[in-house]
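Turn this into a structure:
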Amino acid sequence: MKAAEIVGLLAEPERLKVLSALALGARTPAAVVAATGLGAREVGRALQKLQAGGLVDGALAVRVEVIKEAAIAAAPPGGADPDVADEVVGRFVRDGRLLSMPAQDAKRRQVLEFLVQSFEPGRRFPEREVDAVLRAWTEGGGIDHVAVRRYLVDHGLLAREGGDYWRIGGWVDVRA
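Residues are numbered from 1 along each chain as shown. Predicted coordinates for the structure are as follows:
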């Protein structure tokens, strides 16, 4: 399955909710209904589409290997050049401190992807904990930790709801 097909399957919020519920352990349609708040008909239609698309098997388990294979296939040939990324990050981060933020968006993104590695995927962080991590990065530098936090959210690397943050972006080694 191609990455574009997976994105298409998950473009509908109901299907994304159903897949999320399954990934978090729901194993029956009733459990998915309870976890998502969707109606039984919506869940049934979403399950049919996800199964037909190959993302969910007959036992209602997410076929993670299909998603991994599509992510690997969609990656640029050879991946990002680590020497270039290291060089860019090295210009703006020294001795564990963020000195400034690049003005160019592509370079800023590389620095932000480096910084977001400080946050464990799948875990929610209260704002004070995010601030503490970012303060450590920005201490003595030319940028405020609040601005960095805002950049991380704006660039789709952290999400925020009700004072909690969680990592939603940045590179993850899918081959591991």
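
residues in contact with residue 55?
1, 6, 9, 19, 62-63, 66-67 (Cβ atoms under 8 Å, 6 or more residues apart in numbering). Bear in mind the C-beta positions are built from the backbone N, C-alpha and C, glycine included.

swap that for residue 42, sorry
residue 14.

Residue 43 now?
Residues in contact with residue 43 (Cβ under 8 Å, 6+ apart) are 14, 18, 29, 32-33, 36.

and if you look at residue 135?
Residues counted as contacts of residue 135 (Cβ under 8 Å, 6+ apart) are residue 145.

right, and the helix or strand after the helix or strand hosting it?
Assigned by DSSP states H and E, residue 135 falls within helix 127-138. Counting by DSSP H and E, the element after helix 127-138 in chain order, helix or strand, is helix 145-154.

So what touches that next one?
For helix 145-154, using Cβ under 8 Å, 6+ apart, the contacting residues are 98, 101, 108, 112, 115-116, 130-131, 134-135, 137-138, 158-160, 165.

Please identify which of those is nearest to residue 25.
Closest approach between the contacts of helix 145-154 and residue 25, by Cβ to Cβ: residue 159, at 21.2 Å.

Quick check: the closest one vs residue 16, distance?
From residue 159 over to residue 16 the distance is 14 Å, taken as Cβ to Cβ, to the nearest Å.

Fine by me, we can end here.
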